[in-house]
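Q: structure, please.
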Amino acid sequence: MARANTKGVRTGAAVVASAAAVAVTVWGAAALFGPDGTAASQQNVARPGASDHSGGDDGRPGQQPQGIPDGIAHASESGGNAVNITIDDGPDPRWTPQVLDVLRRHDVKATFCMVGSQAKAHPDLVKKVVAAGHRLCDHTMNHDTAMDKKPVAYQEQQILEAKKLIEEAAGGGAKVEYYRAPGGAFTPDSRRIAAAHGMRPLGWNVDTKDFGKPGTAAIVNAVKREIGNGPTVLFHDGGGNRAQTVDALDQVLTWLKEQGRPTGFPVRTAPDTADAPASPAAQATPGAS
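A: From the prediction side, this is the model:
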C-alpha cells in the first residue's frame, strides 16, 4: 500500500544506504522482475493503492501550487479521438534513433519517459528527442519497479535526481513535463512530489507488451484490441532488443492514420477524462514500463 509522509524527506543513514544499494542493482536483471520474482512484463494487475484518482493521503484528487494535478493522466491534450504515443526506458543508442526515425516519417510527436542513468549516459539522444519536438517524462533514476514499497525519501531521490539529469542532458532550458512510475508503482507521495515539481503523473491505457518481445503482429494487435480502453499507448525503446517495437510502431501509426485518429500529448494541467474503470490496463499497472 502507498505510504504517506507529509513531513518531507528524512536523510537518515539507513535510507541513503538503501538508495545506494538499489541503484546498483535495479536497472540490471532485477529491474526486469517484480518484487515477487515474476517477470515484470507479465504482470498486468492494478496495484493496491495506485489509484488514478487519489491525489493525497486522504485519497482525494489533489491540485498542486504550480497548477499540475497529482492525479494520473491518460487523456490527450488534443481531445477527441487523439492518441498519445509514449516511449519508455531509454534513451538507447541503438533503438531510440530508430524510433525517432519512425516518428519523423509519420510526422508524429511522442512522450519519451527516460531513465535518469540512461539520459546521463546518452545526452546527445536526449537533445535529439527535444529537437524533434517530443516531450520529456521522468521514469526515475534506476527503474525500480518496487519503489512503491520503499521510503518516501528514496522515492523523492529517484524522481528528482532523474529529473535533474534529464534536463541537464537536454540543455537549452528544456523541462521534464511528466512522471511515470516504473511498472506503475505510483504512490500518493510520489505523485505529490512529481506534481510539486511540475511533472504530471502519467499512466497508460494500452500496454502493448512489447517489452516481452511477443512478435510484431502481437504488439500491433494489442493496440487495435485495447485502444478502446483509452488514448495513451505504451511502447519501449530501452531494456533490450526493440526491433519488434520499431516495426510495430511503424504499422500502428499507419493504422491510426487510416482510422482517422490523430496523435497528441497527454494532458498536464487539465483533469483526466480518459477513464476506463472496467479495464485494468486503463489504470497504472505493474509491468516493465
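Q: strands of the chain, start to end?
A: With DSSP state E, the ranges of strands along the chain come out as 83-88, 111-114, 135-138, 176-179, 200-201, 206-207, 232-236, 263-264.
Q: possible to save these as CSV with mean pLDDT?
A: CSV is the format used below for the strands of the chain (pLDDT from 0 to 100):
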stretch, mean pLDDT
strand 83-88, 98
strand 111-114, 98
strand 135-138, 98
strand 176-179, 98
strand 200-201, 98
strand 206-207, 98
strand 232-236, 98
strand 263-264, 98
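Q: now tabulate these in CSV and tack on distance to S190.
A: From N, CA and C alone the C-beta is placed, and that goes for glycine too. Putting the strands of the chain into CSV (distance: least, C-beta to C-beta, whole Å) gives the following:
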stretch, distance to S190
strand 83-88, 16
strand 111-114, 14
strand 135-138, 10
strand 176-179, 7
strand 200-201, 8
strand 206-207, 20
strand 232-236, 18
strand 263-264, 25
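Q: looking at the ones you listed, which is buried most?
A: By mean neighbour count, with neighbours taken as mean count of other C-beta atoms under 10 Å, strand 111-114 ranks first of the strands of the chain at a mean of 29.
Q: residues in contact with it?
A: Where contact means C-beta atoms under 8 Å, 6 or more residues apart in numbering, the residues beyond strand 111-114 that reach it are 84-91, 96, 126, 129, 134-139, 162, 166, 177-178, 180, 202, 237, 265-266, 289.
Q: the same query, at a cut-off of 6 Å, please.
A: Residues lying outside strand 111-114 but in contact with it, judged by C-beta atoms under 6 Å, 6 or more residues apart in numbering, are T86, I87, D88, G90, V129, H134, R135, C137, H139, I166, R180.
Q: where in the stretch 151-289 of the chain is pLDDT low?
A: Counting by pLDDT under 70, the low-confidence segments of the stretch 151-289 of the chain come to 274-288.
Q: where exactly do the helices run in it?
A: Counting by DSSP state H, counting those that start in this stretch, the stretch 151-289 of the chain has these helices, from start to end: 152-170, 188-196, 216-226, 243-258.
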